[in-house]
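[1] task: produce atomic coordinates for the following.
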Amino acid sequence: MRGIVYNGTETNLVTGLELRAPGPRDVIVEIKAAGLCQSDLSYMHGLYPVPSPGVCGHEGAGIVAEVGSAVTLVAPGDHVVIATLTACGTCEYCADGRPTACRATLGNWSQPFTLDGQPIYNFAATSAFAERTVVRDVQCVKIPRDVPLTSAAIVGCGVVTGMGAVFNRANVRRGQSAVVFGVGGVGLNVIQALKVQGATTIIAVDTVPEKESLARQFGATHFLDGRRDDIVAAIGELRPASETAARGAFNSGGVNWAFDCVAHPQVTWNALECLDWEGTVVVIGVASQTAEFRGLYGRLTQVDRGIIGCRYGSISPHRDIPRIIEMYRRGEVMLDELVTTSHPIEHWADAVHELESGAVARGVLTF
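    Predicted coordinates:
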């Protein structure tokens, strides 16, 4: 079996991977498509404190090949999106529909693969960059067979992370305003979720000006080049405090919501600085465990601004993934348009280069 393995130093496409048999609540999925995102690159660059060697990939869709003896959620032949959450299903957070807060979802490392007799770890409880993988039954979300698996694959992470931040973590109301820092796969889904929620001003910010047309296609009303030094002032001009002043008392003016899909200290600073009273920064991007950001206390106090984090769109997979798929089938959100390029697994390095260059919204590997 073929798969992409990071060995702690470098990443390579290998042959000869073997996969263990499923346990009672396990599902073996034949991967048909897998999205490539920044989290995959971070793992390949050794930025995550997780064990290796491991089979890469965490954003996948495919067909159920085999199920364990206790599995009832799916059956062989079902088309599924794989979620990375291995929630317990019984704790107070799971019972409340908030499995991203379930402590059992952390550190789910195992060694379901072997290569030349040596055990190989999984990544993000998924390992979608292999012809077959084994996951828990709770991770498999059944989808209709008319949904292209190349489009369904990206729902497992990029789509739900972006849309879920708007639908679940934030409280965006019709007529409000927002700025989205970072117009990649996650940012584009923040944008289209904001459009669904009825936000009337959606400002996209990215350091790649060529992304403007894509941002507007997904619902952005304005686009700003993130390389400019006056980005906060530019946002203030679009959402001024009054007809005569861009900013007012306690830095009033600006937007109701700022979504930070980058997680860079300067971006987070800008996000807080561009908020109106009662505005909120939602940090979605993932930085290193020691990265820090700064801000002025006066931006938060007296005027009820806030900064919140968001893990995996704060989703409940079996609630949110089917909803998004149904919205796609009704034409309310776009998935096909998110897939800029598709490469067979043999050309995985091309997909990595495209993502690193910022040339794509999402690249997908096919098997």
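[2] could you pull out the helices for this structure?
    Using DSSP state H, the helices assigned to the chain run over residues 38-44, 92-95, 149-153, 158-164, 185-197, 212-217, 231-238, 265-273, 317-329, 348-357.
[3] for the ones you listed, which one sits closest to Trp109?
    Within those, the stretch nearest Trp109 is helix 38-44; the backing value is 12.2 Å (CB to CB). C-betas here are computed from N, CA, C, even on glycine.
[4] and that closest one, what's buried?
    Residues of helix 38-44 classed as buried by neighbour count (16 or more other CB atoms under 10 Å): Gln38, Ser39, Asp40, Tyr43, Met44.
[5] need those in CSV (columns: pLDDT).
    Shown next, in CSV, are those (pLDDT from 0 to 100):
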residue, pLDDT
Gln38, 86
Ser39, 88
Asp40, 91
Tyr43, 91
Met44, 92
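[6] how about those in a markdown table, adding distance to Val80?
    Output for those, formatted as a markdown table (distance: CB to CB, whole Å):
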| residue | distance to Val80 |
| --- | --- |
| Gln38 | 24 |
| Ser39 | 20 |
| Asp40 | 20 |
| Tyr43 | 22 |
| Met44 | 25 |
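[7] any chance of the helices of the chain in CSV, with distance to Gln111 too?
    Below are the helices of the chain laid out as CSV (distance: least, CB to CB, whole Å):
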stretch, distance to Gln111
helix 38-44, 16
helix 92-95, 26
helix 149-153, 24
helix 158-164, 27
helix 185-197, 29
helix 212-217, 39
helix 231-238, 46
helix 265-273, 36
helix 317-329, 24
helix 348-357, 22
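[8] select, out of those, the one closest to Val14.
    Among those, helix 348-357 comes nearest to Val14, with 11.4 Å by CB to CB.
[9] can you list the residues that contact that closest one?
    Residues outside helix 348-357 that contact it (CB atoms under 8 Å, 6 or more residues apart in numbering): 4, 13, 36-38, 41, 44, 129, 340-341, 343, 360, 363-365.
[10] let's see it at 6 Å
    For helix 348-357, contacts defined as CB atoms under 6 Å, 6 or more residues apart in numbering pick out Ile4, Leu36, His343, Val360, Gly363, Leu365.
[11] pick out the most distant pair among those residues.
    Largest separation among these by CB to CB: Ile4 and Val360, giving 17.8 Å.
[12] which of the two has more neighbours?
    Using other CB atoms under 10 Å, the more surrounded residue of Ile4 and Val360 is Ile4, with 27 against 21.
[13] bridging residues for the more buried one?
    For Ile4, the beta-bridge partners under DSSP bridges are Leu13.
[14] who are the contact partners of it?
    Neighbouring residues of Ile4 by CB under 6 Å, 6+ apart: Leu13, Cys56, Phe129, Trp348.
[15] do you know how far Val55 is from Asn12?
    Distance of Val55 to Asn12, computed by CB to CB, to the nearest Å: 11 Å.
[16] neighbour count winner among those two?
    More crowded of Val55 and Asn12, by other CB under 10 Å: Val55, with 26 against 12.
[17] give the closest residue to that one in space, chain neighbours not counted.
    Spatial nearest neighbour of Val55, excluding adjacent residues (CB to CB, 6 or more residues apart in numbering): Ser127 at 3.9 Å.
[18] and the top strand by length along the chain, what does it pack onto?
    With secondary structure taken from DSSP state E, the chain has its longest strand at strand 26-36. In terms of contact count using 3 or more CB pairs under 6 Å, 6 or more residues apart in numbering; DSSP states H and E, strand 26-36 is assigned the packing partners strand 60-67, strand 132-136, helix 149-153, strand 362-366.
[19] what residue lies at the spatial centre of this protein?
    The residue lying closest to the centre of the chain (CA atoms, centre = their mean) is Gly158, at 2.9 Å.
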